[in-house]
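*Asks:* sequence and predicted structure below; questions after.
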Amino acid sequence: GTQVLSQDNGDALGDEIILLTDAGDTTNENCLETVQQCQCVVHTIALGNTPTMEFEQLSASTGGLQLFATDNVDSNGLVDAFTLTGNRDGNWESMVIQLESKAFSIDVEEYVQGTVYLDSTIGNDTKFVVTGVTNGSMRILITSPNGRAYNASDFNVDANFNTSRLTIPGIAKPGPWSYFIGNDGQARALLTLAVTSRVASPGVPPIGVTVRVSGTEEAAAQRRPVSLHALVAQGFRAISGANVTAVVEVPGADAFHLQMLDNGAGADVIKDDGIYSRYFTQNSDAGSDQYSFKVIVQGWRSQTRFSERFSLKSSFIPGIQNENGETVVSQVPPPEVRPVSQPTEDFSRSAAGGNFKVSAQSGWPPNGFPPCRVTDLTAELRESGIVNLAWTAPGGNADNGRASFYELRLRPMLGDPATFALRARVVKPHVLLNGSLGSPAPAGSRETITLNATAAWPWTLAPVLYFALWANNSHNVRSEMSNVALVALVTPRIVQVQRSPSFYKNSAALIGSVVTSLALLLFTAGMLIEAVCSEKRRDDDDQQL
């Protein structure tokens with residue numbers, strides 16, 4: 001392979017090789033030395049089996065990708081892997097954007113159908129590729145948004161690879177493109193469908209999906225769950241409200257499907273920032289420690305929005321306290337103006353995330369992971385002594401499933417957060433006016449309770465109460481302490497200060513007087529210094545004479 005790459009310019013420096021293997025060959029020690037000397041990049045794709053250490057070293061030592069594709073009948077991992085290796089330079093103008101990647105098992109006289117949504121940021125060089133098709137065995141129909149139908153006669157067929165390819169001329173029309181594939185053969189058919197496109201205009205970035213996995217080393221060493229992340233954005237404009245699903249595949253087992261969330265809870269850090277996250281906690285029963293995953297994204301005009309990822313506005317300072325303990329404000333708080341978010345078009349995306357590895361022996365606790373930490377606990381005073389609390393349900397196994405019960409504690413002074421649980425009082429069920437701590441909702445749901453704070457802390461009339469929350473699962477595994485939420489039970493009396501025009505007139509006169517006095521003082525001091533210096537010079541002259 002390196003000899004072929006050297007024919008164009010005499011060397012293989014920076015050239016790329018894609019090595020597809022069943023991972024059973026371990027005789028590549030000489031090959032490793034050769035590719036390192038020629039300084040080319042080798043991407044390895046292990047098909048069907050867990051890749052060996054030698055092939056992992058081959059790609060890692062040359063800066064290539066380590067990819068893994070299962071041979072499950074419902075997997076299109078090989079196509080996803082090849083697409084991922086072709087989009088490494090980061091140039092979105094030449095990037096192949098994957099819209100759909102599916103595998104089908106179609107019985108005789110059965111069919112599959114679906115819809116792919118093209119948006120206006122793409123449409124150039126749009127292709128529908130169906131593999132596994134034999135001559136005359138399948139009915140294929142592609143319908144454009146304006147009703148134009150493309151049938152089997154419009155496809156270019158490669159009999160050697162059993163591939164049918166339809167290329168839409170020019171810029172494909174934005175909107176829903178539907179496909180229909182029927183089996184007219186004599187046996188069940190195993191097919192794959194891939195829909196790809198490129199940018200419609202060189203100056204307009206496409207809606208893209210960037211996929212990452214983190215925590216694999218920590219999962220093995222510290223028994224923390226792996227977290228999957230997907231950034232959905234058009235250039236620097238994040239997109240919120242999309243339907244994002246992670247498909248995690250493992251050899252010899254069914255794929256795991258995870259709904260990824262952008263709600264600021266669990267594995268997600270910031271709500272509505274366009275980064276969708278989820279913990280992966282499902283251990284494979286097949287005994288493999290190798291996983292591959294991809295992300296499927298669907299955006300709808302009715303619910304998907306461009307999101308403001310950063311806010312640069314300053315905080316409003318309500319005022320200060322006077323000598324009587326009253327809060328004095330000199331201005332009315334400005335009304336909160338939420339930015340009008342722009343809706344997106346309907347769009348479809350599919351993005352491969354590569355593979356990750358978690359040791360089956362050390363990476364998965366026998367009783368599951370602890371519930372994830374609650375990070376969005378809020379407390380609000382509804383009326384005298386009545387407090388509303390709200391948070392996002394964490395789940396029983398990290399951010400999956402549901403917890404068994406909550407433990408809520410409160411105290412009138414914050415103190416050291418590390419000792420909050422030791423000095424705080426447990427909230428009992430009888431002080432709850434609405435909601436329950438003993439029946440948590442599924443992960444990602446919104447939880448709300450109402451309690452009588454006076455009954456929960458009856459000893460003194462505390463002006464401020466601090467709350468913290470823990471979640472426990474069915475194995476009595478406890479989460480970390482949540483963020484601390486506070487509520488003021490005593491509402492300060494607000495005094496509006498009205499200043500008359502004479503106040504500003506008198507203030508200006510006072511400032512003028514101060515400035516004039518200061519100028520006269522400086523002038524007098526300067527004259528005195530000059531007189532002292534002159535007298536000293538005369539004394540020096542007399543001594544010289």
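*Replies:* In hand now; what should we look at? Numbers count the residues shown, from 1 in each chain.
*Asks:* where does the prediction get shaky in the stretch 51-200 of the chain?
*Replies:* 51-56, 71-75, 85-90, 134-136 (pLDDT under 70).
*Asks:* now the helices: where do they sit in it?
*Replies:* 53-62, 77-85 (DSSP state H, counting those that start in this stretch).
*Asks:* from those helices, which stretch is densest packed?
*Replies:* Greatest average neighbour count among these goes to helix 77-85 (a mean of 22), per mean count of other Cβ atoms under 10 Å. To be clear about C-beta, it is placed using only N, CA and C from the backbone, and glycine gets the same treatment.
*Asks:* which residues touch that helix?
*Replies:* 16, 18, 43, 45, 47, 65, 67-70, 96, 98, 101, 131, 192, 194, 196, 249, 292, 294, 350, 352, 354 (Cβ atoms under 8 Å, 6 or more residues apart in numbering).
*Asks:* same check on stretch 128-139?
*Replies:* 79, 111, 140, 142, 150-152, 155, 157, 159, 161-166, 168, 179-186, 189-196.
*Asks:* where does residue 511 sit: helix, strand or coil?
*Replies:* Three-state call for residue 511 (DSSP: H, G, I helix; E, B strand; the rest coil): helix.
*Asks:* give me the neighbour count for it.
*Replies:* Counted with other Cβ atoms under 10 Å, the neighbours of residue 511 add up to 10.
*Asks:* do the same with the one 4 residues further on
*Replies:* Residue 515 has 10 neighbouring residues, counting by other Cβ under 10 Å.
*Asks:* over to residue 266?
*Replies:* 26.
*Asks:* which residue sits closest to it, ignoring its sequence neighbours?
*Replies:* Sequence neighbours aside, residue 399 is the residue nearest to residue 266 in space, at 3.0 Å (criterion: Cβ to Cβ, 6 or more residues apart in numbering).
*Asks:* tell me how far that neighbour lies from residue 228.
*Replies:* 11 Å (Cβ to Cβ, to the nearest Å).
*Asks:* which residues do these two both contact?
*Replies:* By Cβ under 8 Å, 6+ apart, the residues touching both residue 399 and residue 228 are 267, 278, 279.
*Asks:* can I assume the second one sits in a strand?
*Replies:* I take that to be residue 278. Yes: counting by three-state DSSP, residue 278 is found in a strand.
*Asks:* show me where the stretch 301-450 of the chain has helices.
*Replies:* 420-423.
*Asks:* ok so, going back, adding distance to residue 381, write the helices of the stretch 51-200 of the chain out as JSON lines.
*Replies:* Conversion of the helices of the stretch 51-200 of the chain to JSON lines gives the following (distance: least, Cβ to Cβ, whole Å):
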{"stretch": "helix 53-62", "distance to residue 381": "56"}
{"stretch": "helix 77-85", "distance to residue 381": "52"}
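*Asks:* nearest to residue 245, out of those?
*Replies:* helix 77-85 (14.3 Å; Cβ to Cβ).
*Asks:* quick one: contacts for the residue nearest to residue 266?
*Replies:* Counting by Cβ under 8 Å, 6+ apart, residue 399 has contacts 261, 265, 266, 267, 278, 279, 372, 443, 444.
*Asks:* excluding covalently adjacent residues, which one is nearest to residue 68?
*Replies:* residue 355 (4.0 Å).
*Asks:* give me the pLDDT for that neighbour.
*Replies:* Residue-level confidence at residue 355 comes out at 79, pLDDT.
*Asks:* quick check: the gap between it and residue 17.
*Replies:* Counting by Cβ to Cβ - residue 355 and residue 17 are separated by 18 Å.
*Asks:* quick one: the strands in the stretch 51-200 of the chain, in order.
*Replies:* According to DSSP state E, counting those that start in this stretch, the stretch 51-200 of the chain carries its strands in the segments 66-69, 97-106, 111-118, 122-131, 138-143, 149-150, 156-158, 163-167, 175-183, 189-199.
*Asks:* any idea which of the ones you listed is most buried?
*Replies:* strand 66-69 comes out most buried of the strands of the stretch 51-200 of the chain by mean count of other Cβ under 10 Å, with a mean of 24.
*Asks:* packing partners for it?
*Replies:* On a contact count with 3 or more Cβ pairs under 8 Å, 6 or more residues apart in numbering; DSSP states H and E, strand 66-69 meets strand 41-47, helix 53-62, helix 77-85, strand 290-299, strand 347-357.
*Asks:* the shortest one - which strands sit beside it in the sheet, and in what orientation?
*Replies:* Pointing back at strand 41-47 there. Strand 41-47 has its sheet partners listed here by DSSP bridges as strand 16-21 (parallel), strand 66-69 (parallel).
*Asks:* so for residue 395, which of those strands sits nearest?
*Replies:* strand 66-69 (27.7 Å).
*Asks:* of all the helices and strands packed on strand 66-69, which one is nearest residue 115?
*Replies:* With Cβ to Cβ as the yardstick, what comes closest out of those is strand 347-357 (8.1 Å).
*Asks:* export that closest one as CSV, just CAs?
*Replies:* The C-alpha trace of strand 347-357 is given here as CSV (Å, rounded to 0.1, in the frame of the first residue of the first chain):
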residue,chain,number,x,y,z
PHE,A,347,-33.6,18.5,8.7
SER,A,348,-32.1,14.9,9.1
ARG,A,349,-28.6,14.0,10.1
SER,A,350,-26.7,10.8,10.9
ALA,A,351,-23.2,11.0,12.4
ALA,A,352,-20.8,8.2,13.3
GLY,A,353,-19.0,8.5,16.7
GLY,A,354,-16.4,5.8,16.3
ASN,A,355,-15.9,3.2,19.0
PHE,A,356,-15.0,3.1,22.7
LYS,A,357,-13.8,0.4,25.0
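*Asks:* what helices or strands is it leaning on?
*Replies:* Against strand 347-357 (3+ Cβ pairs under 8 Å, 6+ apart) you get strand 66-69, helix 77-85, strand 97-106, strand 111-118, strand 207-214, strand 226-234, strand 290-299.
*Asks:* kindly reformat those as TSV containing distance to residue 173.
*Replies:* Formatted as TSV, the helices and strands packed on strand 347-357 follow (distance: least, Cβ to Cβ, whole Å):
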stretch	distance to residue 173
strand 66-69	33
helix 77-85	23
strand 97-106	14
strand 111-118	7
strand 207-214	17
strand 226-234	19
strand 290-299	18
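*Asks:* tell me which of the ones you listed sits nearest to residue 403.
*Replies:* Taking the helices and strands packed on strand 347-357 one by one with Cβ to Cβ, strand 226-234 is closest: 18.8 Å.
*Asks:* the stretch 251-400 of the chain: strands as residue ranges?
*Replies:* With DSSP E, counting those that start in this stretch as the criterion, the stretch 251-400 of the chain has strands spanning 256-260, 275-280, 290-299, 305-307, 320-321, 327-329, 347-357, 378-383, 386-392.
*Asks:* touching, residue 349 and residue 206? I think so.
*Replies:* No: Residue 349 is not in contact with residue 206 according to Cβ atoms under 8 Å; the separation is 9.2 Å.
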